[in-house]
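Novice: Show me the folded form of this:
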Amino acid sequence: MRRHLKARYLVPALVALVMIIYGAFTSVRNTRAILVDAKSVAHTHQVMIELENCLVAMLNLETGHRGYLITGEDDYLAPYEKALKEVGAKMDALAKLTNDNPVQQARMQRILALVEEKKAELKSGIDARRDEGFDAAAKIVGTNVGRTLMDEIRELIDSMRLEEADLLTEQNQRMVQNFKDTNRVVVNTGGVALLAGVTGVILLGLYLGAKEREAELELEKEKAEQADKAKTDFLAMMSHEIRTPMNAILGFGELLHESVEKPQNKHFAHAIVTSGRSLLTLINDILDLSKIEAAKLELNPEAVEMKRFADGLETLFSYRAREKGLEFTIRIERSVPAYLYFDALRLRQVLVNLIGNAVKFTHNGHVTVTMRGEGEGDETVLAVEVEDTGIGIAKDKLRDIFRPFYQVESQQGRQFQGTGLGLSICERLVSLMNGDIGARSTPGKGSTFHLRVPVRPCQGHAAEQTTVGDGVVDFNRLAPAKILVVDDVPLNRELIRGFLMGTHHEVLEAENGEQAVMLCLRTKPQVVLMDLRMPVTEGRTAHGLLKANEETKHIPLVAMSASMPLEEQGDLKRLFDGFASKPVSRERLYLELARFLPVHAAAATARPQAVEPVVIAVSDRTWPELRPALERLRETKLPALIKLVPAQATAGFAGEIAALAESHHCPPLEDYARRLATAAGTMDVAEAGRLLEAFPGVIELLVADV
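Specialist: Got it, this is the predicted structure:
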């Protein structure tokens, strides 16, 4: 309704508004002109009055002069002196009034010169009368010089008076015309204003009639916005709530698959991991599609080394292709620059989907990925083709496959699992990158998916990436390190500890950011794996505290989150030294750690026997006063105990530690002593030996000066 009102009445309303503004502007302008003219008229009148005054003053000057010449009495000089002063004052006033008129000013200058000559002539007559008598003065008067000067002065004053009279007439005519124009504009504007008022009343009536509908629309809009916000909040919550248990399912599934020996158990563990990954893919697809539809997905371009980009894809799919007996190749043509600038994360997501589909739907033959560059400079386009010899797609279905939740209905196609979202997301991501995507296919012979994305060549180096290479993750390839795991979920900490179990790395744990800061100050770990959403002190706050401290600012901090949207991961990568989204796999953890820990030239050939690392409870304080006693025990008794681990001596050692802990009220040390005493009492030599070997670390953890 409001659009209808605007379309019907907008032009008349604008015309009325323009007319009113024009009338007001014209009235103001004319009124200002009338005021200026009135001022000019008053000025002209003043000039004419002063012209008359100047002439009268000159006549008075001559009268006083003539009386003295006739009588010779000094009393007659008083009127002369008075008139002389008046002439000067009147002439100065007249000069000021005419200084804005060049013609009048020229005449005025001539009058002033004549007045000076007249004054000189009068003075010479007075001097002659006083010194030589009446005859001498009469002789000067008889020359008629004074009369000539006076006549010329009168003519000039008359000319100035005539000039001012003409100017006055012109000003009066202009004022009259301005008055007429103002009256006409006021009448016209008043008519338009009246018409506009009538139109406004009509519009108001229509507006009030549509008010109820507008209120309904506003209410519906508010409900829609609330629903959109609720959807966004729900997706963020579900992302965190689902990924947190998925982290444990996939992680412990991997550990279980490695630890069991029985083929049937390995098959069960493999089924858990495979199904978990399928569920995670479904979750990611739904979340991505929701973000795209809500226009909340943003691109984060970066410099990408194309060889490493391709190598990462090849590493990801080569093993899966070999399992199916397929020939898998990625070719980069010479036309592709070494470094390109684009959103590597999103393009990789597209290619992973296309290559994954190609491998999934191909039973024999090959899958080939070809990359080539087209154009130059800002017009450069990266063209990618994914060709397979799989089951193919019917020609009439090629456009439908890019629809959300669509799957080709065929006897062969239904045997493959999938959400029907992958290709739809690919098309929308490519469109977001201002590119295009398409496919050609022949049923039974294979398909070729092709995409073209605008990119920009760039100089320099892309971010360093570490690959696993042969697909075998061995944490013993990395230099021994102290790794701090910060997470409020015990299962998440246990998972990382399980990944690193049996390696030469030491694992420390913290439940929140506050404990993490305290442990970093005490133990100086080589890497910190930090969750973002935690109680007490969350991950970003802890990051700020650690980076602001000179003792800990050099420690690499790797952010780990189950609910961080992909479009915000770029900010996290710039803030933290590394980033790994949950669920975290062994390979992903290895890649992140390899960025900060030196990699040995030769890998370990076998995993050591699994030994769970010793975890010491964290406290908010330290006990520096315990250092002398604990170091004395470490130097005198610990070496012999570690060699043989005698049960009785170990129990005695634990008793001494318990006594020290009790006397200094140190709960963490009491817990350690109790565990050591239990291991010695149950003859658990392995556990006792492990606890004894950890004793130096216990000292540094509990008695360090912070």
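
Novice: I'd like to know how far Leu508 sits from Met501.
Specialist: Relative to Met501, Leu508 is positioned 14 Å away (CB to CB, to the nearest Å). C-betas here are computed from N, CA, C, even on glycine.

Novice: Please apply the same query to Thr329.
Specialist: For Thr329, the distance to Met501 - CB to CB - is 38 Å.

Novice: quick one: which of the two has more around it?
Specialist: Higher neighbour count among Thr329 and Met501: Met501, with 20 against 14, using other CB atoms under 10 Å.

Novice: What pLDDT is listed against the more buried one?
Specialist: Reading off the confidence values, Met501 has pLDDT 85.

Novice: List phi and psi for it.
Specialist: phi -60, psi 140 (degrees, to the nearest 10).

Novice: Over to Leu340?
Specialist: The phi/psi pair for Leu340 (degrees, to the nearest 10) is phi -130, psi 160.

Novice: just the strands in the stretch 501-650 of the chain please.
Specialist: 506-510, 527-531, 557-561, 578-581 (DSSP state E, counting those that start in this stretch).

Novice: weakest of those strands in terms of mean pLDDT?
Specialist: Among the strands of the stretch 501-650 of the chain, strand 578-581 scores lowest, with a mean of 82.

Novice: Could you give the separation of it from the chain centroid?
Specialist: Centroid separation for strand 578-581 versus its chain: 22 Å, with CA atoms, centre = their mean, to the nearest Å.

Novice: Stretch 330-346 too?
Specialist: Taking CA atoms, centre = their mean, one finds the center of stretch 330-346 at 28 Å from the center of the full chain.

Novice: Now do the buried residues in it.
Specialist: Buried residues in stretch 330-346, counting neighbours by 16 or more other CB atoms under 10 Å, are found at 330, 332, 336-337, 339-346.

Novice: Among the residues you listed, which pair sits farthest apart?
Specialist: Farthest-apart pair in the buried residues of stretch 330-346 is Ile330 and Tyr341; separation 20.5 Å (CB to CB).

Novice: Helices - which of the buried residues of stretch 330-346 land there?
Specialist: Counting by DSSP state H, the buried residues of stretch 330-346 place 344-346 in helices.

Novice: Mind putting the residues you listed into TSV with pLDDT?
Specialist: Listed next are those as TSV, based on pLDDT from 0 to 100:
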residue	pLDDT
Ala344	84
Leu345	79
Arg346	83
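
Novice: Could you point out which of the residues you listed is nearest to Arg456?
Specialist: Arg456 lies nearest to Ala344 out of those, by CB to CB, at 13.0 Å.

Novice: closest one to Arg632 among the strands of the stretch 501-650 of the chain?
Specialist: That would be strand 506-510 among the strands of the stretch 501-650 of the chain, by CB to CB, at 24.0 Å.

Novice: Show me where the stretch 451-600 of the chain dips below the pLDDT cut-off.
Specialist: Within the stretch 451-600 of the chain, the stretches with pLDDT under 70 are 460-472, 562-571, 600.

Novice: What's the mean pLDDT across whichever strand or helix holds Val187?
Specialist: Element membership for Val187 (DSSP states H and E) is helix 145-259. Taken as a whole, helix 145-259 has an average pLDDT of 73.

Novice: Does the closest residue to Thr650 other than its chain neighbours lie in a helix or a strand, and which?
Specialist: Using CB to CB, 6 or more residues apart in numbering and skipping the chain neighbours, the partner closest in space to Thr650 is Ala680 (4.0 Å). Assigned by DSSP H and E, Ala680 belongs to helix 667-681.

Novice: With just CA atoms, put the helix or strand following that helix into PDB.
Specialist: Reading on from helix 667-681 to the C-terminus, the next helix or strand found by DSSP H and E is helix 685-693. Extracted C-alpha coordinates of helix 685-693, given in PDB (Å, rounded to 0.1, in the frame of the first residue of the first chain):
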ATOM      1  CA  VAL A 685      56.400 -52.000  39.500                       C
ATOM      2  CA  ALA A 686      55.600 -50.400  36.200                       C
ATOM      3  CA  GLU A 687      53.400 -47.800  37.700                       C
ATOM      4  CA  ALA A 688      55.800 -47.100  40.600                       C
ATOM      5  CA  GLY A 689      58.700 -46.800  38.100                       C
ATOM      6  CA  ARG A 690      56.700 -44.400  36.000                       C
ATOM      7  CA  LEU A 691      55.800 -42.200  39.000                       C
ATOM      8  CA  LEU A 692      59.400 -42.200  40.200                       C
ATOM      9  CA  GLU A 693      60.700 -41.100  36.800                       C
END
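
Novice: Quick one: work out the angle between the helix or strand following helix 685-693 and helix 667-681.
Specialist: Using DSSP H and E, the helix or strand that follows helix 685-693 in sequence is helix 695-703. Here helix 695-703 points in a direction 160 degrees away from that of helix 667-681 (axes from the mean of the first three to the mean of the last three CA atoms, to 10 degrees).

Novice: Please work out which residues outside helix 695-703 touch it.
Specialist: Helix 695-703 is contacted from outside by 506, 519, 522-523, 614, 616, 619, 622-627, 630-631, 633-634, 638, 666, 668-669, 672, using CB atoms under 8 Å, 6 or more residues apart in numbering.

Novice: buried subset of those residues?
Specialist: 506, 519, 522-523, 614, 616, 622-623, 626-627, 630, 633, 638, 666, 668-669, 672.

Novice: what's near enough to touch the closest residue to Glu693 other than its chain neighbours?
Specialist: Closest residue in space to Glu693, ignoring its immediate chain neighbours: Ile642 at 6.3 Å, by CB to CB, 6+ apart. With contact taken as CB under 8 Å, 6+ apart, Ile642 is in contact with 689, 692-693.

Novice: In CSV: the residues you listed, plus distance to Val115.
Specialist: Shown next, in CSV, are those (distance: CB to CB, whole Å):
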residue, distance to Val115
Gly689, 130
Leu692, 127
Glu693, 124
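
Novice: Generate a ChimeraX selection restricted to the buried subset of these.
Specialist: Selection of buried members from the contacts of Ile642 for ChimeraX, criterion 16+ other CB under 10 Å:
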select :689,692
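
Novice: circling back to that earlier point, who wins for proximity to Glu374 among the strands of the stretch 501-650 of the chain?
Specialist: Comparing those under CB to CB, the one sitting nearest is strand 578-581, at 32.7 Å.

Novice: Please save the CA atoms from the closest one in PDB.
Specialist: What follows is strand 578-581, C-alpha atoms only, in PDB (Å, rounded to 0.1, in the frame of the first residue of the first chain):
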ATOM      1  CA  GLY A 578      48.000 -22.300  14.700                       C
ATOM      2  CA  PHE A 579      44.400 -23.600  14.400                       C
ATOM      3  CA  ALA A 580      42.800 -27.000  14.300                       C
ATOM      4  CA  SER A 581      39.000 -27.500  14.200                       C
END
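
Novice: Pick out whichever of the contacts of Ile642 sits closest to Asp396.
Specialist: Set against Asp396, the nearest of the contacts of Ile642 by CB to CB is Glu693 (69.7 Å).

Novice: Per-residue confidence at the closest one, what does it come out as?
Specialist: Reported pLDDT for Glu693: 82.

Novice: what do you get for Val367?
Specialist: Val367 carries a pLDDT value of 94.

Novice: What distance do you get for it to Leu351?
Specialist: 12 Å.

Novice: now Gln526
Specialist: Gln526 is 34 Å from Leu351, by CB to CB.
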